[in-house]
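K.L.:
No sequence on hand, only this structure:
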DNA sequence: CACCGTACTGACCGATCGGCCAGTGCTCTG
DNA sequence: CAGAGCACTGGCCGATCGGTCAGTACGGTG
């Protein structure tokens, strides 16, 4: 693995666990076995390092929702499954965005993350505008993302196999999001 | 309102929205119309300011779960209702703990917060140890807390009356947490 | 009046932050 | 061999951080 990639990996882990503001370039450098100056050689700034870390996940999410927004067609069950897979694929980025998105929304890449989540919410909006449906959506996606982010801290996970997590999350989201009428139909 | 209380209020709002690390004592002072030195006159340190802000909510939570841990008796529906009321009562503290608990667990008061949430999780543990039940709990409480924390950002709330939020959250949590057998019984 | 505790301030401290820059090897190429 | 270019570094910069401290204004109290 190139130093560039290793710096990205180290920074991701630190940003996700300790927080962006609390992680200094110095610390990232030491953990990767190099100097602070070399970090800034590979990445123009701390913000751009963050952007390079987060962007791939956001690109994937955008690619997931763009065609849906275009056609207006959305089969919730399909979307939920692909969304969960996306969260699991970028499982380290999820806590970063979830826990620190609000704090860092002046950083362009994090603002983009918030905006994307808002668009995901919009996808579910037209079908049901009642308060409980809105909250149902918030609890569902916030809950899944937060659970992935905080599983260790709450002592929720031993070494649960990822397949089991996947199917469990799908079932929970299905209960919460797929309307009862299409469920029974 | 005394300056002491006003500083607490300003700091809470800033910590919750901008983040603990990103909020300087200088900024708190200016927002409260005083000097940084006076903030440190009222609070021995930035950490203690945080502790004074968060502790009351944690005390309430501890008072809620202590008798349950003692007797071992837990009627889930009752607990869920009281827990939601507690979250709504301390709605500004919730995002602070949720979003920044992991980042700040070296701060004693935030470690206490995480520990309390772990104990809440333990209350639900013995009844059902399967993976899906654990995740169900995580999604439920994480989701509710996160929804309260991030409602604005995701465009989920207009001016939804709090009673409506309360009953909606109760219904969602009930669906997720109260076991099907006691539901149908 | 003298005295005291409370509230508060401006100036300063060392530490650390993100970022910049001149310089140094090292490798590849003509 | 000369030289261009990439990878990397130590040292420095200004800014800002949390925190300390000596000093001040002031409303009681004897």
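P.N.:
Now that the structure is in, tell me what you want to look at. Just so you know, these numbers come straight off a predicted model, no measurement behind them.

K.L.:
Next up, the contacts around the closest residue to residue A:90 other than its chain neighbours.
P.N.:
In space, and not counting its chain neighbours, residue A:90 is closest to residue A:57: 3.8 Å by CB to CB, 6 or more residues apart in numbering or on different chains. The C-beta positions use only the backbone N, C-alpha and C, and glycine is treated the same way. Shown in contact with residue A:57 (CB atoms under 8 Å, 6 or more residues apart in numbering or on different chains): A:86, A:89, A:90, A:93, A:94, A:97.

K.L.:
The fourth one touches residue A:16, doesn't it?
P.N.:
Put plainly, it is residue A:93. Yes: if you go by CB atoms under 8 Å, residue A:93 and residue A:16 touch, sitting 7.5 Å apart.

K.L.:
circling back to that earlier point, how about the residue nearest to residue A:90, phi and psi?
P.N.:
phi -60, psi -40 (degrees, to the nearest 10).

K.L.:
domain parsing for chain A?
P.N.:
Recorded structural domains for chain A (assignment: automatic domain parsing) are A:1-43, A:48-184.

K.L.:
Please state the offset of whichever helix or strand residue A:68 is part of from the chain centre?
P.N.:
Using DSSP states H and E, residue A:68 sits in helix A:46-71. Offset of helix A:46-71 from its chain centre (CA atoms, centre = their mean, to the nearest Å): 10 Å.

K.L.:
just the buried members of the contacts of residue A:57?
P.N.:
A:86, A:90, A:93, A:94, A:97 (16 or more other CB atoms under 10 Å in any protein chain shown).

K.L.:
Turn those into JSON lines, including pLDDT and secondary structure.
P.N.:
Converted to JSON lines, these look like this (pLDDT from 0 to 100; DSSP: H, G, I helix; E, B strand; the rest coil):
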{"residue": "A:86", "pLDDT": "94", "secondary structure": "helix"}
{"residue": "A:90", "pLDDT": "93", "secondary structure": "coil"}
{"residue": "A:93", "pLDDT": "93", "secondary structure": "helix"}
{"residue": "A:94", "pLDDT": "90", "secondary structure": "helix"}
{"residue": "A:97", "pLDDT": "90", "secondary structure": "helix"}
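
K.L.:
now, which of those residues sits nearest chain B?
P.N.:
Each of these was checked against chain B using CB to the nearest CB; the closest is residue A:97, at 10.9 Å.

K.L.:
From what I see, the closest one and residue A:115 are in contact.
P.N.:
No: contact criterion CB under 8 Å: residue A:97 and residue A:115 do not qualify, at 11.4 Å.

K.L.:
Check which helix or strand residue A:84 maps to.
P.N.:
Assigned by DSSP H and E, residue A:84 falls in helix A:76-89.

K.L.:
Does chain B have contacts with that helix?
P.N.:
No: judged by CB under 8 Å from any CB of the partner chain, helix A:76-89 stays clear of chain B, getting no closer than 11.5 Å.

K.L.:
what does stretch A:100-117 give?
P.N.:
Yes: with CB under 8 Å from any CB as the criterion, chain B is reached by stretch A:100-117 at A:100, A:101, A:102, A:103, A:104, A:105, A:114, A:117.

K.L.:
Quick check: phi and psi on the second one?
P.N.:
The reference is to residue A:101. phi -60, psi -40.

K.L.:
Just give the number of residues close to it.
P.N.:
The number of residues packed near residue A:101 is 20, by other CB atoms under 10 Å in any protein chain shown.

K.L.:
Kindly report the same for the third one.
P.N.:
A total of 21 residues lie near residue A:102 under the criterion other CB under 10 Å.

K.L.:
That one against residue B:95, yeah?
P.N.:
Yes: between residue A:102 and residue B:95 there is a contact under CB under 8 Å: 7.3 Å.

K.L.:
can you list residues touching both of those two?
P.N.:
B:17, B:149, B:150.

K.L.:
For those residues, could you give me TSV that also reports pLDDT?
P.N.:
Converted to TSV, those look like this (pLDDT from 0 to 100):
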residue	pLDDT
B:17	86
B:149	76
B:150	72
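
K.L.:
Tell me the one of these nearest DNA strand C?
P.N.:
Using CB to the nearest atom of the strand, residue B:17 comes nearest to DNA strand C of those, at 20.9 Å.
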